[in-house]
Each structure stands twice: as structure tokens, then as C-alpha cells.
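Novice: how would this look folded up:
(one chain, ligands or ions: 1)
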Amino acid sequence: MKTLERETTEGVAASGLEGIEAARTAISDVDGDRGRLTIAGHDVEDLAALASFEDVCLLLWDGRLPADAQRERFRQALGRARVRAYERLEGLGSSLQATDGMDALRAAVSHLAAEGDEREDMVSVTAAAAVFAAAWCRVRAGHSPLVPDPERGHAADYLRMATGGADHAKGLEAYLVTAAEHGMNASTFAARVVASTGSDLVSAIVAGIGALKGPLHGGAPGLVLDMLDAIGEPERAADWVEEELRAGRRLMGMGHRIYRVRDPRAAVLEKAVEALEREGVARARLRLARATEKAAQDALAARHPERPLRTNVEFYTAVLLEAVGLPREAFTPTFAVARVAGWCAHVAEQRRVGKLIRPSARYVGPASS
Ligand code: COA
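Specialist: Residues are numbered from 1 along each chain as shown. This next block holds a predicted model:
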């Protein structure tokens, strides 16, 4: 059949838009060659060691870390917003009955309406993501949702609402800080495209949730645990990995579009697991994870000497979130609970740009007769 496809692909971006800079941003920088993630001028390692999730929200939204008084005001505002979100649970219909946590979160968040005050809306949707994701965890386990405690920090309250306890809240705090923002990833781009049309914040966040659900983006950490379960013992890791690759399957938690070295967030989260290990949690899991990581990296290096495929954020996310007590089905919703902060920052930045994102495509279908 005659098509209109031109002979060359010149001028057509690679199918995954690799290397295309789609925006100027002051929010974060991902340096894939050096393995660095800088969020508004701060290395992610430093933030994970020192900052709370509230600090990172303000860093992302205002471009600087807060002073003590401002942090406290924001902590209280986010706590009050969690209480307001909880009061909405009854109006969510069957949203929280969904089997998949991301389906539940997408449906629940879409019940919100942006009120028009940008900052208020950002606080509301950030709070609601945590309350709705936690409520889904409870409903799924056959319990009633727990009332938020506005006096607690966001990470500790989310963990308590989701699991009934908050013994390892420090580990979850490190995770929420580390996962809050990561450049022009697929869900952030999706949210920015929606924002660029002049649509509202809630619609942009719903688009972000939809994109994050996929296993090539945020849906991998639960699958990493499935992989560790299937391997079972550190001694089996190398054989299991070989079999998996021979069958043409991908190893979850490995490879990244941008990083050509180990994802710096993997190191941060591995450290957070080590801190829990010192409290007697996750010892066997960490041993298995490390053996699997080594086997996977060795096997991938042998198969793809031209393309470094190293550990990504999802690998130790799985180990950490399991160690803090979250069920694996809640891992991707918990990613959304963190990333909503970054989406909000990008939506606000995109609005300031004020330009519709509308690329074109080269037609390669049949010619009209
Ligand atoms: N396991 C096995 N092989 C992998 C791999 C993985 N995790 N990641 C990439 N590869 C291989 C591909 O099979 C492909 O090989 P080929 O050229 O022989 O076909 C090559 O590496 C390039 O892969 P490609 O899909 O083009 O890279 P990408 O930049 O589009 O993909 C990911 C990036 C993250 C989607 C990819 O690495 C992946 O699927 N990882 C597993 C899922 C995951 O952990 N997601 C969380 C991301 S933070």
C-alpha cells in the first residue's frame, strides 16, 4: 500500500522523546551521567537526611526550604487539609472499593474540585492523596478508614492511617522526600500537558496518577517484591535472573531512561533500609535484595555492554516500603502520595509559562485516494 511516509526519520524525535528538552524548569535537575538529583538547589541525599516531606513541599512550591515558623504553619495547614479530605470520604461512592489502589486513587481524587486558589488547591490535593490512599488500604483490609491526626507530620500520619501503626515513620519520611520530584518523568509531563491547556489542578493530578500506574514508571515496586519472593534465597539469585532474561522478561527495578549509573535515589533508600535493619527490621530481605541487585547488574552488563542498566529507585523502594509495614499493593499509591508534591510544582510552573504543549506527528499512514 502506498503511504505518505517520507524516506527519512530526520526531524522526528525518537519514539520515547529521549533527549528532548520539553521545558525550562527551576524545580529539579536529573543528571543521568553523574547520577545526581538536584531539587531546587539541594542534593536529594541531603534532603533525605535532613528534611521532612513538608519541607520538600515548600522547597518545590516556593523554591527554598522554610524557616521554622513557616514549616510549622504549613504542617498545621496540611494536617487540617487531611481532616477535610477525610470528611469527603463518604461522598466518594464506590471509588475506594476498586481492587487496584491506583484505580481507587484516580477515581477518588477526581471527586475533588479545584477551588481556584492555587496554593490552597495544592495543599488540598496533596493532603487528599494521602488520606484517600490510606483509606483504600484500610478498606481493602476490611477495616474502616482511620481519622487523620492533624498534629502529626504528614509521613507519620499517612503511615498510621494506612497501617494502624507508625513505628517506622522515619523510613517512610525518607521515601516521601526522595520520591517527591524527579524532573520531566512521564507522569509529570502528563500533568504539565494537561496544565498547559488551561485545565485545572485536579485534572492535571488525575492525569499524573494515570501515568504513574504503569509498570514502566511507578508500577514496578510491588513487582520487585514479587521477584524477591520468587528468588527466595540469595544463592538462587544468579540462576533466577538468567532464566528471566532468557525468557525475554525485564527485571523490575533495573534500568532507567536517564541514569547511566546507579540511580542516586537507590542509594538513599538503601541507606534508609539499613537504618531500619539496625532496629532489627528487614535483615533477611536486605541480604536477598543485595544479592539480587548484584546478580541483575552483572547479567544485564553481560547482555547490554553498550547500555548501562543499573538499579533504579523502585528496587529499594520495595524493600523500604515493605519494612515500614505497607502492603505491596499500596506501593504505587504511596509513590503518588509523594509525587503529588512535584506534580503540583510543575503544574504551577507550566501555568506561568502559559503556552499550550502541542507537538506534531509525522503521518505514516495510507495516502488518501
Ligand atoms: N531488564 C532487562 N532488560 C532491560 C531492562 C530491564 N529492567 N531495562 C532495559 N532493558 C533492555 C531492553 O530489553 C532493551 O534491550 P534491546 O535493545 O535488546 O531490546 C534495552 O535494554 C533498552 O531498553 P528500552 O526499553 O529502550 O529503555 P528505556 O529507556 O525505554 O526503558 C525502563 C527504561 C525503565 C522503562 C526500562 O529500563 C524498564 O523496563 N525497567 C524495568 C521496569 C522498572 O523498573 N521501572 C521503573 C522505572 S523507575
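Novice: Where does the stretch 201-350 of the chain get nearest to the ligand, which residue?
Specialist: Ranked by CB to the nearest ligand atom, the top residue of the stretch 201-350 of the chain for proximity to the ligand is G255, at 2.3 Å. Every C-beta, even on glycine, is put in place using the N, C-alpha and C of the backbone.
Novice: Show the contacting residues for A230.
Specialist: Contacts for A230 (CB atoms under 8 Å, 6 or more residues apart in numbering) come out as W240.
Novice: Give the next helix or strand downstream of the helix or strand that contains it.
Specialist: Per DSSP states H and E: A230 is located in helix 221-231. For helix 221-231, the following helix or strand on the C-terminal side (DSSP H and E) is helix 237-246.
Novice: State the distance from the residue of the stretch 201-350 of the chain closest to the ligand to L216.
Specialist: From G255 across to L216, the span is 9 Å (CB to CB, to the nearest Å).
Novice: So those two - more neighbours on which side?
Specialist: G255 (20 against 13; other CB atoms under 10 Å).
Novice: hang on, isn't that one packed against E314?
Specialist: No - G255 is beyond contact range of E314, at 10.0 Å (criterion: CB atoms under 8 Å).
Novice: tell me which residues in the helix holding A230 are buried?
Specialist: Of all the residues in helix 221-231, those buried under the rule 16 or more other CB atoms under 10 Å are 221-225, 227-228, 231.
Novice: That helix and the ligand, are they touching?
Specialist: No - counting by CB under 6 Å from any ligand atom, the ligand has no neighbours in helix 221-231; the shortest distance is 7.5 Å.
Novice: now that helix: how far from the chain's centre is it?
Specialist: Centre-to-centre, helix 221-231 and its host chain are 18 Å apart (CA atoms, centre = their mean, to the nearest Å).
Novice: do the same with stretch 248-259
Specialist: For stretch 248-259, the distance to the chain centre is 16 Å (CA atoms, centre = their mean).
Novice: Which residues of the stretch 201-350 of the chain lie near the ligand?
Specialist: Residues of the stretch 201-350 of the chain lying near the ligand by CB under 6 Å from any ligand atom: 215-216, 220, 250-257, 300, 304, 307, 309, 312-314.
Novice: PyMOL command for the buried members of those residues?
Specialist: To isolate the buried subset of those in PyMOL, counting by 16+ other CB under 10 Å, use the following:
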select buried, resi 220+251+252+253+254+255+256+300+309+312+313+314
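Novice: For E242, which non-adjacent residue is closest in space?
Specialist: Excluding its sequence neighbours, the residue lying closest to E242 (CB to CB, 6 or more residues apart in numbering) is A299, at 6.0 Å.
Novice: try E314
Specialist: A220 (4.0 Å).
Novice: returning to what we had before: now for the residue nearest to E242: which residues touch it?
Specialist: A299 sits next to 238, 241-242, 245, 251 when contact means CB under 8 Å, 6+ apart.
Novice: can you check A23 too?
Specialist: Residues in contact with A23 (CB under 8 Å, 6+ apart) are 184, 192, 349-350, 353.
Novice: Return the member of those residues nearest to S144.
Specialist: Using CB to CB, R192 comes nearest to S144 of these, at 36.9 Å.
Novice: secondary structure class for that closest one?
Specialist: Following DSSP: H, G, I helix; E, B strand; the rest coil, we place R192 in the helix state.
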